[in-house]
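Q: Generate a structure from the sequence data that follows.
(one chain, ligands or ions: 1)
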Amino acid sequence: MPTYTSLQASDPAVYAALAGEMKRQKEGVELICSENYVSPAVLEIMGSVFNNKYSEGYPGKRYYGGQEFTDQVETLAIERAKQLFKAGHANVQPHAGAPANIATYFALLEPGDTVMGMDLSHGGHLTHGHPVTYITKIFKFVRYKMKDVESGEIDYEEMLEVAKKERPKIILAGFSAYPRELNYAKIKAVAKEVGALAVADMAHIAGLIAGGAARNPFDDDFDVILTTTHKTLRGPRGGMIMTKDPELGKKIDKMVFPGYQGGPIMQMVAAKAVAFGEALKPEFSDYAHQIVKNCKHMAQFFMDRGAKLVTNGTDNHLMLIDCVKSWNLAGKEVEQLFDRVNITLNKNMIADDPRKAMDPSGVRLGTAAITTRGMKEKEMDVLAQFMLRAIEKRNDEKALISLRGEVKEFCLQFPVPGIA
Ligand code: DSN
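A: Prediction:
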């Protein structure tokens, strides 16, 4: 476990911020569904001297010398990624999820081409065509939505109709706030009918797929899968793009470097290798299944006590609670209230939200991080009870201070990996 003694001696101001963050992570409940805690081994390699090396190019084909060991770690990351996701080709250099999305668009499209993605108001992601992103000046984005927000069923008939009219070159399956499993076979069928590539952005659920707790889009013949590596997959912050098609693989590699990015961040590539090695172990499959069990359990606990969840439940690691309907509170009020008792989640739009993005009706929460701490169904009940108590006692300052103490004591029983 890192001790940070050199940092403490040389830069007390930065060390103080780090110490504060370690304390916050130990004493609080992390429910932001895109966050997780990496292992001590992943933390160690991220802080290693691989940081010092420039490695433009790919293993065996670099622009600079001295690549014996960078080639070794990048090859390990690639081979482990291929094994984990049944991919024929993996590029492990994207610096994060948004760059992986952009590199994929640039590799597979021409300016002016159309991409069809999930509507942002129904759970899609900013990088899938939100007007605030620059990428929308280069490509046209069209949408698909849920047919029924009570079940979460996607409107696949409308998807086909719009696809026939708009002729997208990519149909994108992926989300950051959708609690159900997509039907990849149906999406692939639509893509095939209109001659589009089927691309999955599985950033949120990569760990579930790796652990066999969610379906792998490659099993339904998807052309490309891209992902972040730091959410349910529990690796370093970073991105990755995979395909089964060697020709697409060549296009993707050329676009990631030199087309779009510069040199890889080699300590993160090495950390991806370590995280993928961990995800290949049988215990990671137990972890992935437990994330989903915990999430379903907590969702049911809330619903049994009158809470309204978008799609009335979950199939994955996340849930969206309509706070207005559940508790007559805005999402922002719930986020701020929970911050006061050491419980972290984020305000979030719900489907067809009548309110604005910065002041939405809902909150989004997930179970990836708390499952890493070893929490199971029993602990989900305790956490959900803490949250309901915070809501009930929201105007009672003394009760909230006492609850914060209880949350802290509870959290200290479940160590955070990498923090002493
Ligand atoms: N920040 C990530 C999420 O929470 O979904 C991806 O943008």
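
Q: Please count neighbours and contacts with C-alpha atoms only from this point.
A: OK.

Q: Measure how buried Gly259 is and give me the count.
A: Around Gly259 sit 14 other residues, with neighbours defined as other Cα atoms under 10 Å.

Q: quick one: low-confidence parts of this structure?
A: Scanning the chain for pLDDT under 70 picks out the ranges 1.

Q: rerun that using 80 as the cut-off
A: When residues are selected by pLDDT under 80, those of the chain lie in 1-2.

Q: Quick check: longest helix in it by residues?
A: Using DSSP state H, we find that the single longest helix of the chain is helix 282-304.

Q: how distant is whichever helix or strand comes after that helix from the center of its chain?
A: Counting by DSSP states H and E, the element after helix 282-304 in chain order, helix or strand, is strand 308-309. The gap between the average C-alpha position of strand 308-309 and the chain average comes to 22 Å, counting by Cα atoms, centre = their mean, to the nearest Å.

Q: Can you name the residues that contact Ser285?
A: The contact partners of Ser285, by Cα atoms under 8 Å, 6 or more residues apart in numbering, come to Ala210, Gly211, Gly212, Ala213, Ala279.

Q: residues touching the closest residue to the fourth one other than its chain neighbours, list them.
A: Counting by Cα to Cα, 6 or more residues apart in numbering, the nearest residue to Ala213 once its immediate chain neighbours are dropped is His289, at 5.3 Å. Residues touching His289, when contacts are defined by Cα under 8 Å, 6+ apart, comprise Leu208, Gly211, Gly212, Ala213.

Q: Give me the subset of these that lies in helices.
A: Counting by DSSP H, the members of these that fall within helices are Leu208.

Q: Could I get the contacts of His289 in a markdown table, plus columns for neighbour count and distance to Tyr58?
A: A markdown table is the format used below for these (neighbours: other Cα atoms under 10 Å; distance: Cα to Cα, whole Å):
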| residue | neighbour count | distance to Tyr58 |
| --- | --- | --- |
| Leu208 | 27 | 28 |
| Gly211 | 25 | 28 |
| Gly212 | 17 | 30 |
| Ala213 | 23 | 32 |
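
Q: So which of the contacts of His289 is the closest to Tyr15?
A: Of all the contacts of His289, the one sitting nearest Tyr15 is Leu208; the distance, using Cα to Cα, is 34.3 Å.

Q: Could you check how far that closest one is from Ile135?
A: Leu208 sits 29 Å away from Ile135, going by Cα to Cα, to the nearest Å.

Q: Of all pairs in the contacts of Ser285, which one spans the longest distance?
A: In those, two members sit farther apart than any others by Cα to Cα. They are Ala213 and Ala279, at 12.5 Å.

Q: residues contacting Met118?
A: For Met118, the contact set (Cα under 8 Å, 6+ apart) comprises Gly124, His125, His128, Arg143, Tyr144, Lys145, Leu172, Ala173, Gly174, Phe175.

Q: now swap in Leu320 and tell me
A: Counting by Cα under 8 Å, 6+ apart, Leu320 touches Ala177, Pro179, Leu309, Val310, Asn348, Ile350, Gly362, Val363, Arg364, Leu365.

Q: Looking at those, which is nearest Met255?
A: Nearest to Met255 among those, counting by Cα to Cα, is Ala177 at 28.4 Å.

Q: Next one: the closest one from Val363, what distance?
A: Per Cα to Cα, Ala177 is found 10 Å from Val363.

Q: Likewise for His95?
A: Counting by Cα to Cα, the separation of His95 from Val363 is 28 Å.

Q: what ranges do the strands span in the stretch 201-350 of the chain?
A: Taking DSSP state E, counting those that start in this stretch, the strands of the stretch 201-350 of the chain run over residues 224-228, 239-243, 308-309, 318-322, 343-344, 346-348.

Q: closest one to Ala17 among these?
A: Go through these one by one with Cα to Cα and the one that ends up closest to Ala17 is strand 343-344, at 18.3 Å.

Q: Kindly point out the strands partnered with that closest one and how each is oriented relative to it.
A: Strand 343-344 pairs in its sheet with strand 29-30 (parallel), by DSSP bridges.

Q: Check the offset of the strand it pairs with from the chain's centre.
A: On Cα atoms, centre = their mean, the centre of strand 29-30 falls 16 Å from the chain's centre.

Q: could you dump the helix or strand that that strand is followed by to PDB, C-alpha only?
A: Where DSSP H and E defines the elements, the next helix or strand beyond strand 29-30 is helix 40-46. What follows is the C-alpha trace of helix 40-46 in PDB, where atoms were taken according to Å, rounded to 0.1, in the frame of the first residue of the first chain:
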ATOM      1  CA  PRO A  40      -3.500  -1.700  -4.300                       C
ATOM      2  CA  ALA A  41      -1.700  -3.300  -7.300                       C
ATOM      3  CA  VAL A  42      -3.400  -1.000  -9.800                       C
ATOM      4  CA  LEU A  43      -2.600   2.000  -7.600                       C
ATOM      5  CA  GLU A  44       1.000   1.000  -7.400                       C
ATOM      6  CA  ILE A  45       1.500   0.700 -11.100                       C
ATOM      7  CA  MET A  46      -0.300   4.000 -11.800                       C
END
